[in-house]
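>>> build the 3D model from these lines:
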Amino acid sequence: MTKIPVRVARWSATHPWRAMIGWFVFVVVCLGAGFAAGTHEATTEDFWVGEGGRAEALATEAGLQRKPLEYTLIRAADGGRVDEERAVVGEVAARMMELPEVERVAEPVRSADGRAVRVAVTLRGPELKGKKNVVPLLAQTATVQAAHPSVVVEQTGSASISKGVNDQRGVDLALSERISIPITLLTLLVVFGSVVIAGVPVLLALSAIGAAVGLNMLVSHLVPDAGVGTNMILLIGLAVGVDYTLFYVEREREERARSGGRLSAEALVELAARTAGRTIAVSGIAVIASTAMLYFASDVIFSSLATGTILVVAVAVASSMTALPALLVWIGRRAERRAARGKVARRERPELGFRTAPLLRVVQRRPGRTLGVSLLLMLVLAAPMLGLKLMDPGRDTFSRDIPAMQVYDRLTGAFPELLVKHEVVVRNSAEQQDEVRAALGRLNERAQADSLFAVGAAAVRTAADGRTSVLELPVPHPAQSPEAIESLHKLRADYIPATIGRLSGVETAVSGDVARGRDYVRHEREILPLVVGLLLLVTFVMTVWVFRSVVIGLLGVVFNLLSAAAALGLMTVVFQGTWAEALLDFDSRGAIVSRVPLFLFVILFGLSTDYQVFVMSRIREARERGLSSCAAVLEGIGRSAKVITSAAVVMVTVFGGFVALQLTEMKQMGFCLAVAVLLDAVVIRMLVLPAALLLLGDRAWWMPRRRRPAAAPAPVG
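Next comes the predicted model:
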């Protein structure tokens with residue numbers, strides 16, 4: 001593992017301009033090829049999960065699949081009854097029908113209080129394409145509004161809400177960059193005391209992000225992009241890219257200070273590559289291996305998240321192996337020329353980070369007590385995770401700053417039957433058409449008699465061959481409400497078995513807004529043990545392989561579990577309660593977005609293993625120089641402490657910037673990642689790890705040895 005980083009660094013150091021130009025060309029080619037190929041977005045079929053997915057597959061085969069539906073809401077500007085809705089409705093219908101994106105326009109429906117009128121507009125094409133096709137409809141709605149100032153004409157629906165979420169995500173990511181990049185530069189300036197050196201990590205991180213974005217577009221033709229890959233590239237790329245460069249640059253500066261000017265810039269880079277280069281390569285492999293476990297979730301969203309993360313980490317490692325040595329040689333040669341002219345800049349050592357000497361003295365004097373108190377603290381922080389509740393990331397989690405969500409709230413307030421819709425899909429033989437029709441009627445009667453369902457609003461759609469039918473049962477409750485969830489349970493467990501379920505040879509499944517969410521949450525709960533088990537195994541094997549110690553491998557798994565659990569526990573306390581709503585600007589739903597814990601668990605394991613590798617590599621180097629186990633621990637922790645805490649400051653800054661975003665899902669991810677990195681860098685690496693290693697001594701490096709076959713006895717005679 002050491003030879004490859006050294007060879008690559010040596011070539012880059014001796015050919016700096018070729019390496020830098022080559023890296024620039026690589027980034028440009030990746031971006032150019034990506035934009036030329038475009039992004040292959042996931043289709044509706046890629047999101048099918050559980051019974052709800054089976055129901056949608058049956059409906060799609062019969063041409064009865066859900067299509068993007070938009071609503072134009074018309075109400076009086078003064079809040080009274082709508083008086084001139086005929087002219088407005090007629091103009092809306094006429095304008096919409098002229099658009100090639102529109103399939104049909106339904107008859108207008110007046111609300112029960114007469115204060116609002118809705119017009120349903122069905123778009124052409126699949127459901128997920130609606131967010132791109134909805135723009136002309138929004139323009140027509142705005143035109144009608146301008147022509148009729150006495151009424152309010154506004155639009156909402158699945159397509160316009162999706163577009164609003166995408167637009168807000170773009171604004172949020174731009175805000176995150178404006179927050180994180182300046183603070184990262186300031187942090188690095190304090191660490192290195194040089195504007196040029198401080199700019200190198202940010203420059204390489206941004207170039208890695210650019211290359212990864214282009215590669216993600218290309219890879220999306222193999223692994224469809226669910227629309228979250230770029231988000232993860234931006235979330236992880238800056239933090240990991242800066243960290244890898246920070247470790248490499250710090251080691252090069254350390255070698256420069258040790259040589260006292262006797263070594264050339266090329267020799268210094270090669271020395272740094274022997275230690276930091278190998279460590280970065282191993283850390284990158286560890287993060288990639290951990291993140292790859294998400295593919296076992298068999299979920300397009302997790303696959304997209306994994307692909308984006310793996311690509312940006314791989315590219316960040318590649319930039320540290322190639323472009324970074326070349327840049328350091330170029331900067332080193334400039335410093336040498338300045339020194340030759342007598343203009344030697346004052347060298348600064350990293351001063352950012354926690355003062356670790358007092359902590360290490362406490363750990364050294366009382367390792368047992370330090371370990372016990374630290375573990376107790378982490379367990380207390382992790383305890384709230386036992387009360388973790390999951391919810392589907394549906395409309396209820398979207399920010400109400402999105403205009404389409406504000407209109408959606410007004411629409412469902414006037415027409416509560418539009419809140420939720422269950423879709424009962426039935427496939428039968430041609431001879432059973434009449435029986436199925438009668439059974440669907442009985443099912444509708446049971447639903448109409450139940451207060452959980454909307455009265456008089458059910459509809460049946462049947463395929464042309466009569467073999468497939470879809471019964472739509474509206475529910476006047478939000479999708480995340482106990483009433484909506486109970487209505488789905490009754491439908492699946494009671495009403496269908498008592499009606500359609502009595503018919504032999506008939507296939508039935510339920511989909512809809514609630515079913516999609518509940519089936520998705522159930523799917524994630526089922527795959528969680530598998531993914532976590534594989535993650536623990538991979539982490540253990542990687543650590544044992546790198547450090548040749550079973551004990552170090554076990555410690556790595558346990559400590560990673562502690563930091564991840566503590567961060568998830570704190571996230572549960574903050575986001576499931578209401579006490580932090582004003583502080584962090586979010587609306588608590590009493591639960592965590594369902595895909596957040598699993599994704600965070602995997603990413604946190606990768607990042608924790610990252611820090612484990614950096615710290616333990618320093619300790620092993622000290623042991624290889626002949627120091628005792630105790631002395632090696634103290635020196636390794638002491639030497640790595642400042643750069644580890646500096647890197648943690650960068651990561652916390654980048655991840656913490658996502659807490660300022662509007663999307664609840666991104667808030668939760670940013671908060672949990674920031675807290676986990678802080679706890680891991682300070683509590684685990686500065687207190688728990690050294691205390692455990694001091695208590696174990698040489699036993700920490702135990703590794704079972706293979707038995708050598710006994711030598712054959714010498715021949716007699």
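>>> contacts and neighbour counts: CA atoms only from here.
Noted.
>>> helix or strand right after the helix or strand containing Glu254?
Assigned by DSSP states H and E, Glu254 belongs to helix 229-259. Note on helix 229-259: by DSSP H and E, the next helix or strand toward the C-terminus is helix 265-272.
>>> burial measure for Pro149, as a count.
Neighbour count of Pro149, defined by other CA atoms under 10 Å: 11.
>>> can you list the low-confidence ranges for the stretch 201-350 of the chain?
Across the stretch 201-350 of the chain, the ranges flagged by pLDDT under 70 are 335-336, 338-350.
>>> now the strands for the stretch 401-550 of the chain?
420-427, 459-462, 468-475, 507-512 (DSSP state E, counting those that start in this stretch).
>>> care to break this protein down by domain?
What the record gives for the chain is the domain set 1-38+194-340, 65-162, 404-518, from automatic domain parsing.
>>> out of the ones you listed, flag the one nearest Ala580.
domain 404-518 (20.9 Å; CA to CA).
>>> mean confidence score for the closest one?
The average pLDDT within domain 404-518 is 91.
>>> that domain spans what distance, first to last residue?
24 Å (CA to CA, to the nearest Å).
>>> and that domain, how far out from the chain middle?
Centre-to-centre, domain 404-518 and its host chain are 33 Å apart (CA atoms, centre = their mean, to the nearest Å).
>>> a markdown table for the strands of the stretch 401-550 of the chain, including distance to Val269 and mean neighbour count?
What follows is the strands of the stretch 401-550 of the chain, written out as a markdown table (distance: least, CA to CA, whole Å; neighbours: other CA atoms under 10 Å):
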| stretch | distance to Val269 | mean neighbour count |
| --- | --- | --- |
| strand 420-427 | 62 | 25 |
| strand 459-462 | 70 | 15 |
| strand 468-475 | 66 | 25 |
| strand 507-512 | 59 | 22 |
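>>> turn those into JSON lines, columns for distance to Asn133.
Output for the strands of the stretch 401-550 of the chain, formatted as JSON lines (distance: least, CA to CA, whole Å):
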{"stretch": "strand 420-427", "distance to Asn133": "23"}
{"stretch": "strand 459-462", "distance to Asn133": "25"}
{"stretch": "strand 468-475", "distance to Asn133": "25"}
{"stretch": "strand 507-512", "distance to Asn133": "22"}
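>>> to Val223, which of those lies closest?
Nearest to Val223 among these is strand 507-512; the distance by CA to CA comes to 25.3 Å.
>>> what comes into contact with that closest one?
51-56, 420-428, 492, 500-501 (CA atoms under 8 Å, 6 or more residues apart in numbering).
>>> and with 6 Å instead?
Residues outside strand 507-512 that contact it (CA atoms under 6 Å, 6 or more residues apart in numbering) are Gly52, Ala55, Lys421, His422, Glu423, Val424, Val425, Val426, Arg427.
>>> tell me, how many residues neighbour the second one?
Yep, that's Ala55 we're talking about. Neighbourhood size, Ala55 [other CA under 10 Å]: 26.
>>> the closest residue to it other than its chain neighbours pairs with what?
Excluding the flanking residues, the one nearest Ala55 by CA to CA, 6 or more residues apart in numbering is Ala509, at 4.8 Å. Per DSSP bridges, the residues bridged to Ala509 are Val425.
>>> look up how far His477 lies from Ala509.
For Ala509 relative to His477 (CA to CA), the value is 21 Å.
>>> report the buried residues of stretch 542-551.
Met542, Thr543, Val544, Val546, Phe547, Arg548, Ser549, Val550, Val551 (16 or more other CA atoms under 10 Å).
>>> got the angle for the helix holding Glu254 vs helix 265-272?
110 degrees (axes from the mean of the first three to the mean of the last three CA atoms, to 10 degrees).
>>> which helices and strands does helix 229-259 pack with?
helix 195-219, helix 300-321 (3 or more CA pairs under 6 Å, 6 or more residues apart in numbering; DSSP states H and E).
>>> after the shortest one, which helix or strand is next?
Using DSSP H and E, the next helix or strand after helix 300-321 towards the C-terminus is helix 323-340.
>>> now that following helix: buried residues?
Those would be Ala323, Leu324, Pro325, Ala326, Leu327, Leu328, Val329, Trp330, Gly332, Ala335, Glu336, for helix 323-340 by 16+ other CA under 10 Å.
>>> then stretch 208-225?
Across stretch 208-225, burial judged by 16+ other CA under 10 Å covers 208-220, 223-225.
>>> identify the farthest-apart pair in those.
Farthest pair in those, by CA to CA: Ala208 and Pro224, 21.2 Å.
>>> which residue comes closest to Val541 once chain neighbours are left out?
In this structure, Val541 finds its nearest non-sequential neighbour in Gly553, 7.1 Å apart by CA to CA, 6+ apart.
>>> ok, then the element right after the helix or strand hosting the one you found?
Per DSSP H and E, Gly553 falls inside helix 550-576. Per DSSP H and E, the first helix or strand lying C-terminal to helix 550-576 is helix 581-584.
>>> not counting that next one itself, show me its contacts.
Contacts for helix 581-584 (CA under 6 Å, 6+ apart): Asp587.
>>> and it, average pLDDT?
On average, helix 581-584 scores 86.
>>> how about that helix as PDB, C-alpha atoms only?
Only the C-alpha atoms of helix 581-584 are listed here, as PDB (Å, rounded to 0.1, in the frame of the first residue of the first chain):
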ATOM      1  CA  GLU A 581     -37.700  24.500  16.700                       C
ATOM      2  CA  ALA A 582     -37.000  28.300  17.100                       C
ATOM      3  CA  LEU A 583     -33.300  27.800  17.600                       C
ATOM      4  CA  LEU A 584     -32.700  25.700  14.400                       C
END
